[in-house]
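S.K.: sharing a model prediction with you, sequence too.
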Amino acid sequence: NPDYPKWKLFLDLGKEQLKSAKYDLAISSFNKTIKLKTKNKYDLYFLRGIAKYSKGISYFGVNGWKTRFLKSAKRDFTNCIRINKNFYAFVNRGETNFELRNIEEALKDFNRALKISFLFKGEINSSDIAALYMKRCYIIMWKKNYIKALNDFEKIIKLKPYPRDLYFALQNRIFINIELGKYEKIPTDLKRLMSLDNIRIKHNPKSWINTQELIMHLGWANIKLGNYKEAEIYLNKIEKFYEG
């Protein structure tokens with residue numbers, strides 16, 4: 001079709017290649033699109049950044065090729081931010097910085113994205129905001145700022161998070177409360193986590209935090225709280241698991 005711009009052909013092709021995880025081909029298509037289109041390149045840089053990021057994290061461990069693609073992805077997301085300082089540009093650059101072990105830069109990007117989410121309340125998917133809090137929490141927990149992490153986990157759980165984020169928010173909140181000795185807050189989260197075991201099986205099937213482990217923790221938490229009869233119920237269930 002002569003009326004269909006050539007840059008759009010390469011854009012459509014790049015999108016299909018990105019969906020099919022053909023990252024090298026997608027990057028090549030987006031390169032051509034960026035050269036051919038003269039204005040409004042935000043989406044093009046953003047898509048090429050995603051393709052480069054995806055290619056980078058496909059490499060196992062830390063190596064030169066991984067760093068090369070991630071640094072290049074970061075440049076694309078930075079170009080996006082120069083054009084339009086929006087929520088998703090900062091989130092994606094933050095993730096890229098996190099993978100590059102630029103922890104403080106990642107935290108700044110996540111904080112900027114959160115400020116934008118407050119300004120555009122109702123316009124950004126609440127599940128995406130919850131996912132952003134989850135990303136920030138990993139940094140906060142690494143810094144051992146457990147009180148701030150607990151506040152973020154509370155927000156995640158209230159924000160209608162994606163199932164995976166809900167599961168890991170509950171799991172991490174349990175471990176922080178164990179660390180802080182707040183045993184009275186643990187049983188409710190443990191029971192809720194048990195009801196979400198299908199999420200664990202889907203996203204982290206090899207996790208040692210299985211149903212038996214959660215029941216054992218329920219018994220242990222109740223011992224700490226002095227609820228010995230309830231503790232005995234859970235520990236008897238564990239006994240039956242191991243007999244089986």
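M.R.: Alright, I've got the coordinates. Numbering: from 1, shown residues only.
S.K.: what helix or strand is residue 56 located in?
M.R.: Secondary structure assignment for residue 56, by DSSP states H and E: helix 42-57.
S.K.: show the average pLDDT along that helix.
M.R.: For helix 42-57, mean pLDDT is 97.
S.K.: pLDDT weak spots in this structure?
M.R.: For the chain, applying pLDDT under 70 flags the ranges 1-2, 62, 208, 241-244.
S.K.: what segments of it are helices?
M.R.: 6-19, 23-36, 42-57, 64-83, 87-99, 103-119, 126-142, 146-158, 163-180, 186-194, 197-203, 211-224, 228-243 (DSSP state H).
S.K.: let me have those in CSV, extended by mean neighbour count.
M.R.: All C-beta spots, glycine's among them, are computed from the backbone N, C-alpha and C. Listed next are the helices of the chain as CSV, based on neighbours: other Cβ atoms under 10 Å:
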stretch, mean neighbour count
helix 6-19, 16
helix 23-36, 19
helix 42-57, 21
helix 64-83, 18
helix 87-99, 23
helix 103-119, 17
helix 126-142, 19
helix 146-158, 17
helix 163-180, 19
helix 186-194, 18
helix 197-203, 14
helix 211-224, 18
helix 228-243, 13
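S.K.: what does the helix holding residue 56 contact?
M.R.: With Cβ atoms under 8 Å, 6 or more residues apart in numbering as the test, helix 42-57 has contacts from 11, 14-15, 17-18, 21, 23-24, 26-27, 30-31, 33-34, 37, 65-70, 72-74, 76-77, 79-80, 83-84, 88-89, 92, 95-96, 99.
S.K.: and it with helix 6-19, angle?
M.R.: Relative orientation of helix 42-57 and helix 6-19, computed by axes from the mean of the first three to the mean of the last three Cα atoms, to 10 degrees: 30 degrees.
S.K.: so what's the gap between helix 42-57 and the chain middle?
M.R.: 17 Å (Cα atoms, centre = their mean, to the nearest Å).
S.K.: before we move on, what about stretch 138-158?
M.R.: Taking Cα atoms, centre = their mean, one finds stretch 138-158 lying 13 Å from the centre of the chain it belongs to.
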